[in-house]
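>>> With the sequence up front, the predicted model follows.
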Amino acid sequence: PGSQHIENLYNLYKALSQQRSKRGALEFETTETCIIFNKANKIDSIVPVVRNVAHKLIEECMLLANVAVSQYCENRNINALYRVHESPDDIKLKQLKDFIKLFGLKLSGGERPSTKDFSRLLAQVSGREDAALLQRVILRTQKQAVYYPENSGHFGLGYEGYTHFTSPIRRYSDLVVHRALKHLIAQHKPKDFIYSQDKMASLADHCTTTEKRADHATREATDRLKCDFMKDKVGEIFHGTIIEVTSFGVFVELDEYYVQGLLHISALEGDYYHFDEL
């Protein structure tokens, strides 16, 4: 009997996955890494995280819950926090189109490409030798998702409405949405909710700011750990991939350790280099 429930859930996952493809939700093939520590609390290795069907199944259920709660709150006209992701701005769109043209690629959709248009572009990129580079450029074209007191959709996921009701990390934004749900479940009127529209706007700004601060702190802590891991390897030779070119040098990711670093232009000896933004 228990296995039947799992089978049903797996079939639901397949149906949700098909709907995800139809929406054209953006899926970047980026590599997330996990730091493995030894008994001395030093880094033993840095390995890629592999997402299996179980991970994807849970993710689809999480997305479904967030969408359902977003629709419920909006339909009941109660003040809530929404997770909003806007479409790319005109400047970044032009830069992307000019860049991918050099690779024989084109983004469909004219001046206002949809999520599906970007999804088609990612499908063209997938499998190419330069896929990692192109995906990074496409990803950087996208805006950052933010919290907002009004729903205006989630471009990347292809949803008309989205919120953070459940997530692997319990956020304060989730708690605010939980309070809205409890208020409605208790059959109180939406206008009597403790958070006004102005207060909700203030909370949205606060949650967005603290999220950025937490992301920055996480990156900085990880970079410090990686520097400590690499300090006894100075002078060794590694294979790497150039992931970004700037006017002052190139950023390289080591293929073996997934560690990124700057190769300054002053270290590129024996030639003169001119930076071409395209």
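Sure, I can see it.
>>> The stretch 151-278 of the chain: strands as residue ranges?
Counting by DSSP state E, counting those that start in this stretch, one finds strands in the stretch 151-278 of the chain at the ranges 240-246, 249-254, 260-264.
>>> Direction included, what does the longest one pair against?
It refers to strand 240-246. Neighbouring strands of strand 240-246 in its sheet, by DSSP bridges, are strand 249-254 (antiparallel).
>>> tilt between the partner strand and strand 260-264?
150 degrees (axes from the mean of the first three to the mean of the last three CA atoms, to 10 degrees).
>>> Run the chain-centre distance for strand 249-254.
From the chain centre to the centre of strand 249-254 is a distance of 21 Å (CA atoms, centre = their mean, to the nearest Å).
>>> cool, and stretch 35-53?
Using CA atoms, centre = their mean, the offset of stretch 35-53 from its chain centre is 21 Å.
>>> follow-up on the earlier one: do you know which of the strands of the stretch 151-278 of the chain lies nearest D215?
When the strands of the stretch 151-278 of the chain are compared for distance to D215 using CB to CB, the nearest one is strand 260-264, at 15.9 Å. C-beta: built from backbone N, CA, C; applies to glycine.
>>> least reliable of the strands of the stretch 151-278 of the chain going by mean pLDDT?
Among those, strand 240-246 carries the lowest mean pLDDT, a mean of 86.
>>> which residues are contacting that strand?
A132, L133, R136, V250, F251, V252, E253, L254, D255, Q260, F275 (CB atoms under 8 Å, 6 or more residues apart in numbering).
>>> any idea whether the second one is helix, strand or coil?
At L133 the chain is in helix, as set by DSSP: H, G, I helix; E, B strand; the rest coil.
>>> can you offset everything so residue one is 565?
Right, with 565 as the first residue, what we last looked at is L697.
>>> how about low-confidence regions in the stretch 565-714 of the chain?
For the stretch 565-714 of the chain, the stretches with pLDDT under 70 are 565-566.
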